[in-house]
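1. prediction below, plus the sequence it came from.
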Amino acid sequence: MFFSGAVFQENGAFDSREALVMSEQPVIQVKNLSKTFSVRERSIRSMREMMLNLHEISSRNHRISALRNINFEVNQGEIVGVIGRNGSGKSTLLNLIIGSMRADPGSTVITRGKIIRMALGMGFDPNLSARHNIYVNGSILGLTFKSIGQIFWEIIEFADLIDFVDTPIKYYSTGMRSRLAFSIAVHAEADIFLMDEIFSSVGDADFQAKSKKVFEESFLNKRTILFVSHSMRNIEEFSDRVLLIDKGDQIAFGEPKDVIGEYLDRIKNKN
């Protein structure tokens, strides 16, 4: 269900004075961020083949620049949307911010506080029941077993899975898994949330409406969120600012309507 990140803090744990200072500065700072992948065109079948064809093999390696010179900041309590066509580097950006990938030399990523990356459908153990998956994923997301126990039935009822609490989720439909994933997600605890297509598949129309209502009325309140979506409606509705990436380059960062307009123009003109 989730790929959750570690705690990135400057100078160790925060005291109350540090928290005050943190509130007056960006909680995400990205400077000159680039990421290059080295890709080998074909696999090596054996050590002998590698030694006999070393020069040939090395010439088949090529570099792919996934992101180039990305620069932006996110303030505490701000919601920033990230848009771009498939393959533009959006998910790579989230991986770099959370630290699951190493950026190119010269890149700077500074984050302040606990970060969680949330993507529906990731991380469930299909052989475990909803009950056990809730405890496993809830603890990964920063919840204590005691707090999970206190909200356990809220999660189950919201997901409408009362009759399937102890059923292994490998027998769940896609919609049932999505409902459970979202229900756990809205109870996560962190300072910064990186969200990847959180509304892409959250069940039927009724559950989508219920999920959106909860997201608007409780989850968004004073949270710092960086979220990727292909839904321009959600981007415009929820974002304070929007980052547009295209083919690894930062095209724009600013007001939602302006940046969305630039994105739609590029799609129309196929730039």
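-> Arrived safely.
2. please make it C-alpha for all contacts and neighbour counts, starting now.
-> Will do.
3. so, low pLDDT: which residues of this structure?
-> Low-confidence segments of the chain (pLDDT under 70): 1-24, 40-61, 119-123, 198-204, 271.
4. show me where it has helices.
-> 16-23, 47-52, 54-60, 90-98, 130-140, 145-159, 174-185, 205-214, 232-238, 256-269 (DSSP state H).
5. for the longest one, output the C-alpha coordinates as PDB.
-> Taking C-alpha atoms only, helix 145-159 is exported to PDB below (Å, rounded to 0.1, in the frame of the first residue of the first chain):
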ATOM      1  CA  PHE A 145      -0.300  -0.400  18.200                       C
ATOM      2  CA  LYS A 146      -2.400   1.300  20.900                       C
ATOM      3  CA  SER A 147      -3.500   4.100  18.500                       C
ATOM      4  CA  ILE A 148      -4.200   1.600  15.800                       C
ATOM      5  CA  GLY A 149      -6.400  -0.400  18.100                       C
ATOM      6  CA  GLN A 150      -8.300   2.800  19.000                       C
ATOM      7  CA  ILE A 151      -9.100   3.500  15.300                       C
ATOM      8  CA  PHE A 152      -9.200   0.000  14.000                       C
ATOM      9  CA  TRP A 153     -13.000  -0.300  13.600                       C
ATOM     10  CA  GLU A 154     -13.100   3.300  12.100                       C
ATOM     11  CA  ILE A 155     -10.800   2.100   9.400                       C
ATOM     12  CA  ILE A 156     -12.800  -1.100   8.800                       C
ATOM     13  CA  GLU A 157     -16.200   0.700   8.800                       C
ATOM     14  CA  PHE A 158     -15.000   3.500   6.500                       C
ATOM     15  CA  ALA A 159     -13.700   0.900   4.100                       C
END
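6. use 200 as the first number from now on
-> Yep, numbering from 200; the last one is helix 344-358 now.
7. between it and helix 373-384, how many degrees?
-> 140 degrees (axes from the mean of the first three to the mean of the last three CA atoms, to 10 degrees).
8. most neighbours per residue, which of the helices of the chain?
-> Most buried of those by mean neighbour count (mean count of other CA atoms under 10 Å) is helix 373-384; its value is a mean of 23.
9. what packs against that helix?
-> helix 329-339, helix 344-358 (3 or more CA pairs under 8 Å, 6 or more residues apart in numbering; DSSP states H and E).
10. any chance of those in JSON lines, plus distance to residue 391?
-> Listed next are these as JSON lines, based on distance: least, CA to CA, whole Å:
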{"stretch": "helix 329-339", "distance to residue 391": "15"}
{"stretch": "helix 344-358", "distance to residue 391": "20"}
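11. among these, which comes closest to residue 263?
-> helix 329-339 (32.6 Å; CA to CA).
12. which strands or helices does the closest one pack on?
-> Packing partners of helix 329-339 (3+ CA pairs under 8 Å, 6+ apart): helix 344-358, helix 373-384.
13. of all those helices, which one is nearest residue 460?
-> Nearest of the helices and strands packed on helix 329-339 (CA to CA): helix 373-384, 29.7 Å.
14. just the angle between that closest one and helix 329-339, please?
-> Using the same axes, to 10 degrees: helix 373-384 against helix 329-339 is 40 degrees.
15. so helix 373-384 versus helix 404-413, what angle?
-> Using the same axes, to 10 degrees: helix 373-384 against helix 404-413 is 10 degrees.
16. off-centre distance for helix 373-384?
-> 16 Å (CA atoms, centre = their mean, to the nearest Å).
17. nearest to residue 317, out of the helices and strands packed on helix 373-384?
-> Of these, nearest to residue 317 by CA to CA is helix 329-339, at 11.0 Å.
18. circling back: of the helices of the chain, which is nearest residue 228?
-> By CA to CA (comparing all of these), the closest turns out to be helix 289-297, at 9.2 Å.
19. and for that closest one, what's in contact with it?
-> 204-205, 265-266, 281-283, 300-302, 308, 310, 314-316, 393, 395, 427, 444 (CA atoms under 8 Å, 6 or more residues apart in numbering).
20. those in strands, which ones?
-> Among these, the ones falling in strands (DSSP state E) are 265-266, 281-282, 308, 310, 314-316, 393, 395, 427, 444.
21. got a quick PyMOL command for the buried subset of the residues you listed?
-> To isolate the buried ones among the ones in strands among the contacts of helix 289-297 in PyMOL, judged by 16 or more other CA atoms under 10 Å, type:
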select buried, resi 265+266+281+282+308+310+314+315+316+393+395+427+444
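22. alright, that wraps it up for me.
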